[in-house]
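# okay, here's the prediction I keep looking at, along with the sequence it came from:
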Amino acid sequence: MTHHGQFGGATLTVDLRAVRANYRFLRSRLRVPALCSGVVKANAYGLGASYVARALFAEGCRHFFVAHLDEGVALRPYLPRTAAIYILNGLPRGAARDCAASGLVPVLNSLEQAEAWAACAHQLKRSLPAVIQVDSGMNRLGLPAKDAAILADTHARTGAFDLRYVMSHLACADMPEHEANAMQLAAFKRLAALFPEVPRSFANSSGIFLGPEYHFSLARPGAALYGVNPNSAGANPMQGVVKLAARVIQLRDVQPGDCSGYGWDYRAESAMRLATLSIGYADGFHRAWGKNGAVFFEGLRLPVVGRVSMDSIVIDASAVAPGRIGPDSEVEVIGDYQPVDDLAAAAGTIGYEVLTGLGSRYQRIYLGAEENVPSALLEDSLQ
């Protein structure tokens, strides 16, 4: 068990054993010989990329995806060179040399990026690895069909870089019956055929559950690794990874007509006991939870009352028996009674946004960190 911080107002516990179990489960769902990667962008969805990546590496993962070049540079020291780190948002202008020097693999999303990477390979007089992303219908990132054909022809003639994968991204995989899934699959097959014999990558977390025809050579789960439900319509097959507990810092009794919070948004209709918790929107507890949010204490649901402040919230603790809750008591914000998807739904958002918005002020506890590859050994492997 590894701790970060001691005196924060809330404690975030990340169960790395659960991350590894989720990875094993997702990998087991893939049709052999498809491999399973790990998406650790946005600091592993807010949970700590250096810890999560080492846990995944210990579980056998050798392919890691981040969003930005800076994320890849920061992660590189924690993984040996046998692990590939891919940059989903592509090659920034003027950054080809830095990307190559860091041993990172860009996902090339445009002809301009491909030309810059090929030029860098020529200057360095060595082959550089790359992934090509084609746009199969999401209209977000990737080469449209016309540009994909141009690049395929250029690459076939020049072999300017070492093409590891051709990939695309599903837009509606969490809705298995959506017509977009089959349409994108057909489009991806057509575009990928421009690059014969190059391995393919298509499925995200939800895409793994669409069936083996979506698996290809490499799947790219992200949110499901962290316990987010990959199927919006069914039960969650993933293990919970995150527990978030907030500390009570003050209690008070109020009478009918008393108000709470900024704007006096809440007015008590009866005598109540209120508890103030040391967590707020600066910690990623969204202001939207001032209307529908709640926390749990010993299985009891305690609703938020009034507006969420920057550093604190107020909850209705009247249902708790006298003497059971007091200063320094901890209440569950995310956990067994309130999984991350349930908390997200109360704010009209998704688990991804909740996780990536978790603040930096929490005391962080990593369960199972000692079972992962020590960073010193990883550093040795870079020599």
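Thanks, I have it. Numbers count the residues shown, from 1 in each chain.

# and the nearest residue to G359 once chain neighbours are set aside, how far is that from I313?
Counting by C-beta to C-beta, 6 or more residues apart in numbering, D283 is the residue found nearest to G359 once chain neighbours are left out, at 3.9 Å. Where you see a C-beta, it was placed from the backbone N, CA and C, and this is true even at glycine. Here the distance between D283 and I313 works out to 10 Å (C-beta to C-beta, to the nearest Å).

# ditto for L47
The separation that L47 has from I313, given C-beta to C-beta, amounts to 22 Å.

# go on, T2?
Plainly put, T2 is 28 Å away from I313 if you go by C-beta to C-beta.

# cool, and V73?
Distance of V73 to I313, given as C-beta to C-beta: 37 Å.

# for the closest residue to G137 other than its chain neighbours, which residues are in contact?
Setting aside the residues directly before and after it, G137 is nearest to Q184 in space (C-beta to C-beta, 6+ apart), at 4.8 Å. Taking C-beta atoms under 8 Å, 6 or more residues apart in numbering as the contact definition, Q184 lies against 136-138, 168, 170-171.

# nearest residue to the middle of the chain?
Computing the C-alpha centroid of the chain and ranking residues by C-alpha atoms, centre = their mean puts Y45 first, at 3.0 Å.

# about what we covered before: in a markdown table: the contacts of Q184, plus pLDDT.
Formatted as a markdown table, the entries for the contacts of Q184 read as follows, by pLDDT from 0 to 100:
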| residue | pLDDT |
| --- | --- |
| S136 | 98 |
| G137 | 97 |
| M138 | 96 |
| S168 | 98 |
| L170 | 98 |
| A171 | 97 |
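
# of V73 and I313, who's got more company?
I313 (27 against 19; other C-beta atoms under 10 Å).

# what sits against that one?
If you count contacts by C-beta under 8 Å, 6+ apart, I313 has them with 246, 276-277, 279-280, 285, 289-290, 293, 304.

# I'd like to know which of the residues you listed are part of strands.
When DSSP state E is applied, those are split such that 246, 276-277, 304 fall in strands.

# quick revisit: can I have the buried ones of the contacts of Q184 as a PyMOL selection?
Here is the PyMOL selection string for the buried members of the contacts of Q184, based on 16 or more other C-beta atoms under 10 Å:
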select buried, resi 136+137+168+170+171
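
# quick one on the thing from earlier: tell me the contacts of the residue nearest to the centre of the chain?
Contacts for Y45 were tallied using C-beta under 8 Å, 6+ apart; they are 222-223, 226, 352, 355-356.

# distance to E330 and secondary structure for those - can I get that in JSON lines?
As requested, these are arranged in JSON lines below (distance: C-beta to C-beta, whole Å; DSSP: H, G, I helix; E, B strand; the rest coil):
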{"residue": "G222", "distance to E330": "29", "secondary structure": "coil"}
{"residue": "A223", "distance to E330": "26", "secondary structure": "helix"}
{"residue": "Y226", "distance to E330": "22", "secondary structure": "helix"}
{"residue": "Y352", "distance to E330": "25", "secondary structure": "helix"}
{"residue": "L355", "distance to E330": "20", "secondary structure": "helix"}
{"residue": "T356", "distance to E330": "23", "secondary structure": "helix"}
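
# quick one, domains of the protein?
Domain assignment of the chain by the TED database yields the ranges 16-226, 242-367.

# quick one: P237 and N22 touch, right?
No - with contact defined as C-beta atoms under 8 Å, P237 and N22 do not form a contacting pair (9.0 Å).

# compare these two (neighbour count), which wins?
Neighbours per residue (other C-beta under 10 Å) separate P237 from N22, with N22 holding more: 27 against 14.

# separation between that one and L88?
When distances are taken as C-beta to C-beta, N22 and L88 turn out to be 20 Å apart.

# also V331?
In this view, V331 and L88 are 36 Å apart by C-beta to C-beta.

# burial of Y214, as a residue count?
For Y214, the neighbour count with other C-beta under 10 Å is 24.

# kindly report the same for I132.
I132: 28 surrounding residues under other C-beta under 10 Å.

# is it located within a helix, as I assumed?
No - secondary structure assignment places I132 outside any helix; it is strand (DSSP: H, G, I helix; E, B strand; the rest coil).

# hmm, it is touching A149, no?
No - the pair I132 / A149 is not scored as a contact, 11.8 Å apart, by C-beta under 8 Å.

# low-confidence ranges in this structure?
Within the chain, the segments meeting pLDDT under 70 span 4-7, 373-383.

# all helices for it, in order.
Remark: helices of the chain, listed N- to C-terminal, are 16-28, 41-45, 49-58, 69-75, 96-101, 111-124, 145-158, 179-192, 205-208, 289-292, 340-346, 351-356, 375-381; assignment by DSSP state H.

# need the contact list for R126.
By C-beta under 8 Å, 6+ apart, R126 has no neighbours at all.

# going forward, begin numbering at 39 instead of 1
From this message on, residue numbering opens at 39, which makes the last subject R164.

# distance of it from A138?
Summarising the geometry, the distance separating R164 from A138, computed by C-beta to C-beta, is 9 Å.

# cool, V169 as well?
V169 sits 14 Å away from A138 when distances are taken as C-beta to C-beta.

# okay, these two: which has more neighbours?
Neighbour totals were compared for V169 and A138, and V169 leads with 25 against 20 (other C-beta under 10 Å).

# report the distance from stretch 242-251 to the chain centre.
Stretch 242-251 sits 17 Å away from the centroid of its parent chain (C-alpha atoms, centre = their mean, to the nearest Å).

# over to stretch 241-256?
Using C-alpha atoms, centre = their mean, the mean C-alpha position of stretch 241-256 is found 18 Å from that of the whole chain.
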